[in-house]
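1. test case, fold it:
(one chain, ligands or ions: 1)
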Amino acid sequence: MTNLVSEPRAAVGERRHFAAVLRRGIEQVLLKLNRRIWRRLPGRTRDLRQVQAYGRWMHALVSRHADREMYLGTLFLRNRPALELMRRLFADRAQGSTLRIAVLGCSVGVEVYSITWTLRRARPDLTILIDAVDISPEVLAIAEEGVYGPQTTATVHESVFDRLTEAELLEMFDWNGDQGRVKADLRDGITWRLGDAGDRRLVQELGPKDLVVANNFLCHMDAPSAERCLRNFAQLTRSDGYLFVSGVDLDVRTNVAIDLGWEPVPELMVEIHDGDPLVRADWPWHWWGLEPLDRERRDWEMRYASVFTCGREQTEPREPS
Ligand SMILES: C[S@@+](CC[C@H](N)C(=O)[O-])C[C@H]1O[C@@H](n2cnc3c(N)ncnc32)[C@H](O)[C@@H]1O
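-> Numbering: from 1, shown residues only. Predicted coordinates:
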């Protein structure tokens, strides 16, 4: 009796498995072929709407089966328009006031120092307090030490200095041979914390922030984990604060943004979208690649914004009813 029932089920299971393997194989061949063709296309052809729609389809295929390994890669002044927007958003803060910031997925710290460099140069009167969080103790140790050189390249697999000019290299670091130590005034006010950005307790531990920055790590997660993190970030962000979140699956971010009623910040939106040439160049062939901004989409402002206001934070005390 048992065999009569289980044999056909086993056969169906085997057929499905075979079909899945076959489909995967065909997709891999298709991707390989298309990649070769894509590389040969002139820039103007790649910019055509139809070609970009095809690219989006390819990117969906790449992302569907991707083994989303976590990377540590990061660069000083990685997205200059985003840093410029931070400067502008806090330019009018009252003299001598305090700015509370959380940087999540901070890796070896270069994003945090890029933010302190940008804001302290613009507003030396502000007290800037940063909670910098990462899930890896290894990168936090490097971040806290604040010394960078060829050994950092070995850890994060890219030169963290690549986007800096000579003048910036001198302004940000004290040099000893090939070792750059971040200047003392850029290191003040930072608390390095081991933590998981998806952990709800983080909201209570860190308290509401004027600025929450969470870049280039949610794309390495599956959709439910990325969504959990995004909901956490909304709670961390004060009602008059800002959330900067990029390097995340655009559908996931758009769905959460709509669901939670986030408002996209239009200023420098296009510049920030194109502000990290590496992620733009990696589209559509890597899952972290960022698609070209398409203004003809009805949802384009929501889809391509990476800076939002999130409305009333839930940690605020409720008004008596
Ligand atoms: C690619 S780096 C991004 C660094 C930086 N945010 C940037 O944009 O240059 C990703 C970092 O996110 C960290 N990370 C991954 N998952 C995390 C989580 N759940 N909570 C906190 N950090 C996480 C990794 O350890 C890694 O250091």
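
2. endpoint to endpoint, stretch 76-83 covers what distance?
-> 11 Å (CA to CA, to the nearest Å).

3. quick check: closest non-adjacent residue to Gly105.
-> Leaving aside its sequence neighbours, Gly105 sits nearest to Phe217 (CB to CB, 6 or more residues apart in numbering; 3.6 Å). For the C-beta atoms, the positions are set from N, CA and C on the backbone; glycine is no exception.

4. which residue ranges make up the domains of the protein?
-> Split into domains by automatic domain parsing, the chain comes to 2-64, 80-309.

5. gap between stretch 192-209 and the chain center?
-> Relative to the mean C-alpha coordinate of its chain, stretch 192-209 is positioned 17 Å out (CA atoms, centre = their mean, to the nearest Å).

6. that stretch and the ligand, are they touching?
-> Yes. Stretch 192-209 is in contact with the ligand by CB under 6 Å from any ligand atom, via Asp196, Ala197, Gly198.

7. identify each buried residue in that stretch, please.
-> Of the residues in stretch 192-209, Trp192, Arg193, Gly195, Asp196, Ala197, Gly198, Leu202, Val203, Leu206, Pro208, Lys209 count as buried by neighbour count, 16 or more other CB atoms under 10 Å.

8. now the two most distant members of the residues you listed.
-> Across these, the longest distance by CB to CB is 20.0 Å; it joins Trp192 and Pro208.

9. if we can go back for a sec, number of residues surrounding the residue nearest to Gly105?
-> Around Phe217 there are 24 other residues, counting by other CB atoms under 10 Å.

10. what's the distance between it and the ligand?
-> Remark: distance between Phe217 and the ligand (CB to the nearest ligand atom, to the nearest Å) = 3 Å.

11. thought that residue was touching Ala197?
-> Yes. Under the criterion of CB atoms under 8 Å, Phe217 makes contact with Ala197 at 7.4 Å.

12. who touches both of the two?
-> Residues within reach of Phe217 and of Ala197 at once, by CB atoms under 8 Å, 6 or more residues apart in numbering, are Leu104, Gly105.

13. show me what from the stretch 101-250 of the chain comes close to the ligand.
-> Contact residues (CB under 6 Å from any ligand atom) of the stretch 101-250 of the chain with the ligand: 104-107, 111, 133-136, 139, 196-198, 215-217.

14. for the longest strand seen in the chain, what is the average pLDDT?
-> For the chain, the longest strand by residue count, based on DSSP state E, is strand 237-246. Across strand 237-246, the average pLDDT comes to 97.

15. show me what counts as buried in it.
-> Buried residues in strand 237-246 (16+ other CB under 10 Å): Thr237, Arg238, Gly241, Tyr242, Leu243, Phe244, Val245, Ser246.

16. quick one: the strands in the stretch 101-250 of the chain?
-> Secondary structure of the stretch 101-250 of the chain (DSSP state E, counting those that start in this stretch): strands located at 127-134, 147-148, 173-176, 179-182, 190-194, 209-215, 237-246.

17. output the ones you listed as TSV; include the columns distance to Leu75.
-> Below are the strands of the stretch 101-250 of the chain laid out as TSV (distance: least, CB to CB, whole Å):
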stretch	distance to Leu75
strand 127-134	16
strand 147-148	11
strand 173-176	14
strand 179-182	13
strand 190-194	18
strand 209-215	11
strand 237-246	13
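
18. Arg87 is nearest to which of the ones you listed?
-> With CB to CB as the measure, strand 209-215 is the member of the strands of the stretch 101-250 of the chain nearest Arg87 (11.3 Å).

19. just the CA coordinates for the closest one, please, in CSV.
-> The C-alpha coordinates for strand 209-215 follow below in CSV (Å, rounded to 0.1, in the frame of the first residue of the first chain):
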residue,chain,number,x,y,z
LYS,A,209,18.2,59.5,15.3
ASP,A,210,18.3,62.6,13.1
LEU,A,211,20.0,60.6,10.5
VAL,A,212,20.0,56.8,9.8
VAL,A,213,22.4,55.5,7.1
ALA,A,214,22.1,51.9,5.9
ASN,A,215,23.9,51.4,2.6
